[in-house]
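[1] Following is a predicted model, sequence given first.
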Amino acid sequence: MRKFIISTLIIALAVCIFAVGCGTGSSASTTTEKRTITDRLGRVVEIPSTVKKIVPLGNTPRMITYLGLANKVVGIGGMAPNMITPVTAYAYANKDLWANVPIVGTDASGATDYYPEQIISSKPDVILCSYTKELADEIQSKTGIPVVAVPMGTLFGKDYEDALRLLGDVCGAKDRAEEVISYINACLKDLATRASTIPDTDKPTVLGAAATFKGAHGIEGVYTKYAVFEAIAAKDVTKGISDKAGGVLVDKEKIIGWNPQYIFFDSGGVNLLKTDYAKNPDFYAHLQAVKDGSLYQYPSSTSYYSNVEIPIVNSYYVAGILFPEQFKDIVFKHKANEIFKFFLGADDYLSKLENAGAGYGKVTLGNN
């Protein structure tokens, strides 16, 4: 009997020790270490020390793609999958990975919206956005999930670097953020250095038309202070018409007055351009670029906010045409695919653009 009691006590003690051990383990596994960061809007946000699941909204889905964080996405702000084309490069490159990721917000047509219930059900560790303080606070209040706001990002600007660094810090990709920033700056330096050897007096005049802003446009939609041209110090005929970078509509007669030697069109506006040419061939007959056949297309730099990889490739494409001697060692196809691979992790992305009719090449109007 005594042996039985002792054995029973030993078993009971073992069970208690096991239970305590399991309880301690369970508590440790559910306790998440936190840290505090200050986002770009000056908001102090408490986030998990290790972020494994994210919901990117606004322009951050593109940025986290560049940072190699696409596999952490559990809900996303964006457009319907059937609307995505290769020009929206980050989304197209991730279309298989994100095939079953729910859309939890949209900024389509400039209208920002988000869906709190869907975000909550996605169970992210953190929500990333490029919105205002008021909207970031509102999303955090309605979801109970920390929201980190970063700059929208000016193309090739320092605020874009700030956004990448903050996202890299939050999501554990600091090294990749520095790598992306260094790569962008190396490309810009290479473009600028090569172009700087050409005197302005020897540079042909150029116009960026069929610009994409609030939809597609024909030749009357033009770019001003266009980053693609500024990267190579091109002789842009729109210089001085606006203090802001972006697309504007101009009187077509103004284009005749400028009479650029080269015109580059966003691929999305080329059909509008050709339709207008069929109706008004006399207008186009006045343009030197049309007479010389110096008309070209490239993919739009803008599709659901501004891309980064496409305008860098566009700059190399334009530079190779305007300044062939300075860029003669660059094989455009190889350079383009190198850039796309770096940002998107996709092989031969140039072919995907070409197959969608958004590639690089000459534009023919009538028999010119």
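    Looks like it arrived, so ask away. Numbering: from 1, shown residues only.
[2] pretty sure residue 108 is touching residue 77, no?
    No - Residue 108 lies out of contact with residue 77 (CB atoms under 8 Å); the separation is 9.8 Å. C-beta here means a position set from N, CA and C on the backbone, and glycine is covered the same way.
[3] which of these two has more neighbours?
    Applying other CB atoms under 10 Å to residue 108 and residue 77 shows that residue 77 carries more neighbours, namely 28 against 14.
[4] Hmm, that one is touching residue 57, no?
    Yes - between residue 77 and residue 57 there is a contact at 3.6 Å, judged by CB under 8 Å.
[5] what residues are shared contacts of the two?
    Residues touching both residue 77 and residue 57 (CB atoms under 8 Å, 6 or more residues apart in numbering) are 104, 105, 107, 114, 129.
[6] Can you name the residues that contact residue 163?
    Counting by CB under 8 Å, 6+ apart, residue 163 has contacts 40, 59, 60, 63, 130, 150, 151, 152, 153.
[7] Check which helix or strand it maps to.
    Per DSSP states H and E, residue 163 falls inside helix 158-171.
[8] Residue 208 falls within a strand, correct?
    Yes - assessed with DSSP: H, G, I helix; E, B strand; the rest coil, residue 208 lies in a strand.
[9] Quick check: chain neighbours aside, which residue is closest to it?
    Leaving aside its chain neighbours, residue 208 sits nearest to residue 223 (3.8 Å; criterion: CB to CB, 6 or more residues apart in numbering).
[10] Then residue 62?
    residue 90 (4.2 Å).
[11] dump the residue contacts of the one you found.
    Residue 90 touches 61, 62, 65, 66, 307, 344, counting by CB under 8 Å, 6+ apart.
[12] Now with 7 Å, please.
    The neighbours of residue 90, taking CB atoms under 7 Å, 6 or more residues apart in numbering as the test, are 61, 62, 65, 344.
[13] ok, now residue 68?
    Per CB under 7 Å, 6+ apart, neighbours of residue 68: 173, 176.
[14] Just the pLDDT for it.
    On pLDDT, residue 68 comes in at 98.
[15] Give me the three-state assignment for it.
    Following three-state DSSP, residue 68 is assigned to coil.
[16] Report the separation between it and residue 316.
    23 Å (CB to CB, to the nearest Å).
[17] Let me know the next secondary structure element after the lowest-mean-pLDDT helix or strand in the chain.
    Every helix and strand in the chain was compared by mean pLDDT, DSSP states H and E; the lowest is helix 2-30, with a mean of 40. Sequence order places strand 34-38 as the next helix or strand after helix 2-30, per DSSP H and E.
[18] now the helix or strand following that next one against helix 158-171, angle please.
    Sequence order places strand 44-48 as the next helix or strand after strand 34-38, per DSSP H and E. Per axes from the mean of the first three to the mean of the last three CA atoms, to 10 degrees, the angle that strand 44-48 makes with helix 158-171 is 40 degrees.
[19] Give the buried residues for strand 44-48.
    45, 47 (16 or more other CB atoms under 10 Å).
[20] For it, which strands pair with it and how are they oriented?
    Sheet pairing for strand 44-48, assigned by DSSP bridges, gives strand 34-38 (antiparallel).
[21] hmm, back to that, columns secondary structure on top of the shared contacts of residue 77 and residue 57, output as a markdown table?
    Shown next, in a markdown table, are these (three-state DSSP):
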| residue | secondary structure |
| --- | --- |
| 104 | strand |
| 105 | strand |
| 107 | coil |
| 114 | strand |
| 129 | strand |
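[22] Out of these, which one has the weakest pLDDT?
    residue 107 (83).
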